[in-house]
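A.B. asks: Build me a structure from this.
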Amino acid sequence: MKINVNGYEIAYQITGEGEDTVVILQGWGTELATYNSVAACISDRYRVVQFDFPGFGASDEPREPWAVEDYAKFFLDFMAALGIQKATLIGHSYGGRVIIRLAARESLPFTIERIVLIDSAGILPKKTWKQKMKIRRYKMLKKIVSLKLVYAICPRLIDEWRNRQGSADYRNASPMMRQCLVKAVNEDLTELLPRIRQDTLLIWGDLDTATPITDAKLMEEKIPGAGLAVIPGTGHFSFLENPALFRSIMQAYFA
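C.D. replies: Numbering: from 1, shown residues only. Here you go, the predicted model:
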């Protein structure tokens, strides 16, 4: 299904028929179907909404580079379009960033009942000296290869170099979504964590390298009343890597 929100065609689906609503906010570069197993954990008791953010899956791409706050504002309009006045929010990776932004606000036009953050992004890692030097070297090379004369001399070599830069998410994104991703990964939401007032469950893979377990422990420390459930032997998609244990955790929390 699709719904028009502020001129954007947004893909979404609703499963379950419970009185209470749960909305799943996706991770970067995924599509809503990635979270079907998450929805299935609780759809026997809850109405579960899945959707694609603008620029994700089958939804229209933003017409300008959006920061996390822009996605948070969009989500408010999406909730209004569906007439949802209260819901529990589940966020994986990038979706967690948006939830943190929303939950830290003084007031919202809808009520967040509970929060589940799965391998959530939001903590800006401290860069080592080696990483800082690598970034500095990259910026210098970027300036050089951006010169028209240099590109004219060896365009293929420069294109190959550009295609090797950045993370897999960055390389696979469109030019517009690359700008959105850069805005996200350079934002640290740590200072917002103590403002989250909702009951919060953190679910994490202990082998996650994208958002390491140290991020989870910091969130558990900073978010009042937060609890952490670790899924051993899993990475950034812990809910897919050990679906049985993930299902048990979810069903216990939503019992």
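A.B. asks: Residue ranges of each domain in this protein, please.
C.D. replies: Domains of the chain are assigned by automatic domain parsing as 2-124+187-253, 129-172.
A.B. asks: So in terms of bridging, what pairs with the residue lying closest to Val49 once chain neighbours are set aside?
C.D. replies: Spatial nearest neighbour of Val49, excluding adjacent residues (C-beta to C-beta, 6 or more residues apart in numbering): Val23 at 4.5 Å. Just so you know, the C-beta spots here come from the backbone N, C-alpha and C atoms, and that holds for glycine as well. Going by DSSP bridges, Val23 is paired in beta bridges with Val49, Leu89.
A.B. asks: And the domains of the chain: which comes nearest Leu181?
C.D. replies: Ranking these by proximity to Leu181 (C-beta to C-beta) places domain 129-172 first, at 5.8 Å.
A.B. asks: for the record, mean pLDDT for the closest one?
C.D. replies: In this model, domain 129-172 carries a mean pLDDT of 58.
A.B. asks: Does Met177 belong to a helix, a strand or coil?
C.D. replies: Secondary structure, DSSP: H, G, I helix; E, B strand; the rest coil: Met177 is helix.
A.B. asks: And Val98, by the same measure?
C.D. replies: helix.
A.B. asks: and what of Gly91?
C.D. replies: Secondary structure, three-state DSSP: Gly91 is strand.
A.B. asks: Surely it and Ser120 touch.
C.D. replies: Yes - assessed by C-beta atoms under 8 Å, Gly91 is found in contact with Ser120 at 6.1 Å.
A.B. asks: Overlap of the contact sets of those two?
C.D. replies: Jointly contacting Gly91 and Ser120 under the rule C-beta atoms under 8 Å, 6 or more residues apart in numbering are 97, 99.
A.B. asks: Could I get the contacting residues of the closest residue to Leu124 other than its chain neighbours?
C.D. replies: Of all residues not flanking Leu124 in the chain, Asp188 sits nearest, at 3.4 Å (C-beta to C-beta, 6+ apart). The neighbourhood of Asp188, defined by C-beta under 8 Å, 6+ apart, consists of 122-124.
A.B. asks: Quick check: the gap between Asp188 and Asp77.
C.D. replies: When distance is defined by C-beta to C-beta, to the nearest Å, Asp188 is 26 Å away from Asp77.
A.B. asks: circling back: neighbour count for Gly91 and Ser120, which is higher?
C.D. replies: Ser120 (29 against 26; other C-beta atoms under 10 Å).
A.B. asks: List the contacts of the more buried one.
C.D. replies: Taking C-beta under 8 Å, 6+ apart, we find Ser120 in contact with 91-93, 95-97, 99-100, 202, 211, 215-216, 219.
A.B. asks: ditto for Arg97
C.D. replies: Arg97 makes contact with 68, 91, 120-122, 184, 187, 189, according to C-beta under 8 Å, 6+ apart.
A.B. asks: Can you turn the buried part of those residues into a PyMOL selection?
C.D. replies: Here is the PyMOL command that selects the buried residues among these (16 or more other C-beta atoms under 10 Å):
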select buried, resi 68+91+120+121+122+184+189
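A.B. asks: In helices only, show me the contacts of Arg97.
C.D. replies: 68, 184 (DSSP state H).
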